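Peer 1: predicted model, plus sequence, below.
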Protein chains: 2
Amino acid sequence: MFTNRTAMSGRHFLQIPGPTNVPDSILRAINAPTIDHRGPEFAALTLDILDKLPRVFQTQSPVIIFPASGTGAWEAALVNCLSPADKILMCETGHFAKGWGRLANKIQLNAEIIPTDWRQGADPNAIKTRLEKDGDHLIKAVCVVHNETSTGVVSDIKAIRAVINQTNHPALLMVDTISSLASLDYRHDEWGVDVTVAGSQKGLMLPPGLSFNAISAKALQASKQSTLPNAYWDWDDILASNKEGQFPYTPSTNLLYGLKTALDMLLEEGLENVFSRHLRLAEAARCAVRAWGLEILCQNADRYSNSLTAVLVPDGHDADQLRKIILDNFNMSLGNGLGQLSGKVFRIGHLGDLNELSLIGTLGGVEMGLKLAQIPHKRGGAQAAIDFLAAS
Amino acid sequence: MFTNRTAMSGRHFLQIPGPTNVPDSILRAINAPTIDHRGPEFAALTLDILDKLPRVFQTQSPVIIFPASGTGAWEAALVNCLSPADKILMCETGHFAKGWGRLANKIQLNAEIIPTDWRQGADPNAIKTRLEKDGDHLIKAVCVVHNETSTGVVSDIKAIRAVINQTNHPALLMVDTISSLASLDYRHDEWGVDVTVAGSQKGLMLPPGLSFNAISAKALQASKQSTLPNAYWDWDDILASNKEGQFPYTPSTNLLYGLKTALDMLLEEGLENVFSRHLRLAEAARCAVRAWGLEILCQNADRYSNSLTAVLVPDGHDADQLRKIILDNFNMSLGNGLGQLSGKVFRIGHLGDLNELSLIGTLGGVEMGLKLAQIPHKRGGAQAAIDFLAAS
């Protein structure tokens, strides 16, 4: 809407792995006039949201809503539970996991990083080995990104919980679900997660600006002992105000209208159906990549992301040049390679409010772009996706 | 929109002192589809905003935009510039000044409070006296709320800067302009303010969800020595990214659409005209209060707020009961008394996107409510406002 690009006909294809396409119904909800956040209508809105929101996290525990983007919820998880110089164990599964570690060190925590080659999920055995060596229980939290947005690789949270239990280690388990919540099956309670970090702009189909902490009883208990300074992120104040449908400071009223609508949409579709839809569209996207003869970054089929697919371009070719060609010619945004993957991959977002036909259009745009960019590939990727979708 | 109240005809009158009424043009801007925040369109949007935004603060210095509400910008001002246990001097001019002090103590600062009776502005002489006693310069910042939203009293920032200069004290001057920016004349540069704190949901006419720090060169320098842990609020990362029209983490894209529109509207009207309009409407509201024979909370006419008017109800009457009657009968929200003023005052917001006729309607609603609530008053307040507006 702000450059000549808007002169291009038709709607922009926003196929980055979030922020995702916001449904018109949610945009319209957000469009309503702002109301008094201390009034009775607002309290009813909040209580309705707080009733429904935990279902999306598959938890009975409270979920905290911050007027902030996802990075804020990262910080909130840490500052509520931990104290200065606390050691935490993190798995660098990609750019965002690395960013969470950088943030932890900035707020005076001591993040120990288990590296990966960014093509696998977090290794439960490596976590187990490290925890076994930590007889003094100096490690206060294990932090894992469920779906690494920079790589399209999923980590097995259930397995990580299992190794923590096997070692009888008291560390908290904190999980970033920013690009998995409401897209991939994620179970805060069943998997024994202590703090789940999430954001509004991916599976929840909202613009960015809200983020979340789902918190276990153990995490809440840890927050009573924590000494890292915090105020904006303080769970206690928010939980106390939430009882009356209020917030301790001005909430992001209009995004909350959108959140109510999003929750109603997700619960009407049914979480199982939401997860199945994401699996089906992701499989179709992977069919296309295979048909092009290109390589999916994720090396383990068990760990494929259903939110996005990161695709390697052959050596000597530039993924960012491909993305630019696609944006300029076909009005579609794809995700770029981040950090050490810069220029080496492009990422196809297939999460949130998406259907078969939009995905097929997306894949058609990638295929035409590959040709224009003269990147070696076989034609027929979009067709492979169509064949898969028609047959399944 | 969420209860039966929406069955009432006509538009709701949101006359709290913020969040304020959001113009339809801004709601429509926010309503646009979310775009790729790493793409060229977004960078152009950011650069346009960063060019115009400082003008509203009357500064040549950079203004930081946070995806957070105003309380976040309070925290950001402190954590960027200060270190644990630093002493700061605050003036408790009302509920929000008190809240800023509470936040400061929560993040391990040492807030020394100069009290007031909540009916005056901050006293420059009291600040001067305290700074003169601080020969060791232990006080690292003086924090003042420009327009205290809970009382409708303005503090004289220029005079406070003058006494800091007279004492040759190096303390930073931090000013909360959450309910004054783009409503009252406010001059970050000319008044020598080091950090100005602001929010989106008042004079900027946006929904809540964005907040701001305008920062002086001295504040930026102080941030290099600060040791309070912070990451989300870190100015350096944001300033570095802003150079390319980017943010270090996901920004609140749709609210930024609205901010662009709001800045265009304010600059088209002209800041001087915006301030004059607020003065005129505020004077009309005060004419009404005087005609009712009720008492304005602010005791010094030089310190009247042009954003809101807090009105005392006579002893033995309940301002919240009055507010409820007005909401139920006339579909209008007024601000409540906060903290020690609970039940004792109601607050008429007259800031942001407001014109004469809406203000007259507002005052008519208050007058009818006073009658229904059987609060002793003289009729003719709305008429007095009309007479004032017609004559001026």
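Peer 2: Here it is on my side, so go on.
Peer 1: and the pLDDT at A:His12?
Peer 2: Reading off the confidence values, A:His12 has pLDDT 89.
Peer 1: in chain A, which helix has the most residues?
Peer 2: Scanning chain A for the longest helix, with DSSP state H as the assignment, gives helix A:271-292.
Peer 1: my read: A:Leu181 touches A:Val197, true?
Peer 2: No - with contacts defined as Cβ atoms under 8 Å, A:Leu181 does not count as touching A:Val197, sitting 9.2 Å away. Heads up, the C-betas are built off the backbone N, CA and C, glycines and all.
Peer 1: any residues in contact with both of these two?
Peer 2: Overlap between the neighbourhoods of A:Leu181 and A:Val197 consists of A:Phe212, taking contacts as Cβ atoms under 8 Å, 6 or more residues apart in numbering or on different chains.
Peer 1: alpha carbons only: can I get the helix or strand harbouring A:Leu173 in PDB?
Peer 2: With elements delineated by DSSP states H and E, A:Leu173 resides in strand A:172-176, which encompasses its position. As requested, the backbone C-alpha atoms of strand A:172-176 are provided in PDB (Å, rounded to 0.1, in the frame of the first residue of the first chain):
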ATOM      1  CA  LEU A 172      12.200 -25.700  34.200                       C
ATOM      2  CA  LEU A 173      11.300 -26.500  30.600                       C
ATOM      3  CA  MET A 174      10.600 -23.400  28.500                       C
ATOM      4  CA  VAL A 175       9.400 -23.700  25.000                       C
ATOM      5  CA  ASP A 176       9.100 -21.100  22.200                       C
END
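Peer 1: quick one: name the residues of the stretch 151-300 of chain A near chain B.
Peer 2: By the criterion of Cβ under 8 Å from any Cβ of the partner chain, the positions of the stretch 151-300 of chain A lying close to chain B are A:199, A:201, A:207-209, A:228-232, A:234, A:248-255, A:257.
Peer 1: against chain B, how distant is the closest residue in space to A:Leu372 that isn't next to it in sequence?
Peer 2: The spatially closest residue to A:Leu372, leaving aside those adjacent along the chain, is A:Ile325, at 5.0 Å (Cβ to Cβ, 6 or more residues apart in numbering or on different chains). Between A:Ile325 and chain B the distance, using Cβ to the nearest Cβ, to the nearest Å, works out to 13 Å.
Peer 1: hmm, A:Gly369 and A:Ile325 touching each other?
Peer 2: Yes - here A:Ile325 lies in contact with A:Gly369, judged by Cβ under 8 Å, at a distance of 5.2 Å.
Peer 1: now the strands: where do they sit in the stretch 1-150 of chain A?
Peer 2: For the stretch 1-150 of chain A, the strands defined by DSSP state E, counting those that start in this stretch occupy A:13-15, A:63-66, A:87-92, A:110-115, A:139-145, A:147-148.
Peer 1: neighbouring strands - and their directions - for the last one?
Peer 2: This means strand A:147-148. Neighbouring strands of strand A:147-148 in its sheet, by DSSP bridges, are strand A:153-154 (antiparallel).
Peer 1: just the first one next, same as before
Peer 2: According to DSSP bridges, strand A:13-15 has the following sheet partners: strand A:332-336 (parallel).
Peer 1: contacts for the strand it pairs with next, please.
Peer 2: Strand A:332-336 is contacted by residues A:12-17, A:149, A:308, A:310, A:319-320, A:323, A:326-327, A:342, A:346-349, A:362, A:365-366, B:35-36, B:38-39 when judged by Cβ under 8 Å, 6+ apart.
Peer 1: make it 6 Å
Peer 2: Taking contacts as Cβ atoms under 6 Å, 6 or more residues apart in numbering or on different chains, the residues outside strand A:332-336 that touch it are A:13-17, A:320, A:323, A:326, A:346-347, A:365, B:36, B:39.
Peer 1: got it, and stretch A:124-144?
Peer 2: Stretch A:124-144 is contacted from outside by A:82, A:86-91, A:114, A:122, A:155, A:159-160, A:163, A:167, A:169-175, using Cβ under 6 Å, 6+ apart.
Peer 1: mind checking which of the residues of the stretch 151-300 of chain A next to chain B are buried?
Peer 2: In terms of neighbour count (16 or more other Cβ atoms under 10 Å in any protein chain shown), the buried residues within those are A:199, A:201, A:207-209, A:228-232, A:234, A:248-255, A:257.
Peer 1: pLDDT below threshold where in chain A?
Peer 2: Within chain A, the set of residues satisfying pLDDT under 70 comprises A:1-8.
Peer 1: centre-most residue in it?
Peer 2: Centroid check for chain A by Cα atoms, centre = their mean gives A:Ser179 as the closest residue, at 1.6 Å.
Peer 1: so what's that one closest to, chain neighbours aside?
Peer 2: Closest residue to A:Ser179 apart from its sequence neighbours, by Cβ to Cβ, 6+ apart: A:Thr149 at 4.2 Å.
Peer 1: the residue nearest to A:Leu372: which element?
Peer 2: Counting by DSSP H and E, the element that carries A:Ile325 is helix A:319-330.
Peer 1: show me where the stretch 201-350 of chain A has helices.
Peer 2: In the stretch 201-350 of chain A, helices defined by DSSP state H, counting those that start in this stretch lie at A:217-225, A:235-242, A:253-269, A:271-292, A:319-330, listed in chain order.
Peer 1: winner for burial among those helices?
Peer 2: Mean neighbour count (mean count of other Cβ atoms under 10 Å in any protein chain shown) peaks for helix A:253-269 among the helices of the stretch 201-350 of chain A, with a mean of 21.
Peer 1: check which helices and strands it sits against.
Peer 2: helix A:24-30, helix A:40-56 (3 or more Cβ pairs under 6 Å, 6 or more residues apart in numbering or on different chains; DSSP states H and E).
Peer 1: return the set of buried residues in the first one.
Peer 2: Applying a neighbour-count criterion of 16+ other Cβ under 10 Å, the buried positions in helix A:24-30 are A:Ile26, A:Leu27, A:Ala29, A:Ile30.
Peer 1: correct me, but the third one touches A:Leu259?
Peer 2: So the one you mean is A:Ala29. No - with the criterion set as Cβ atoms under 6 Å, A:Ala29 and A:Leu259 do not qualify as a contacting pair; they are 8.7 Å apart.
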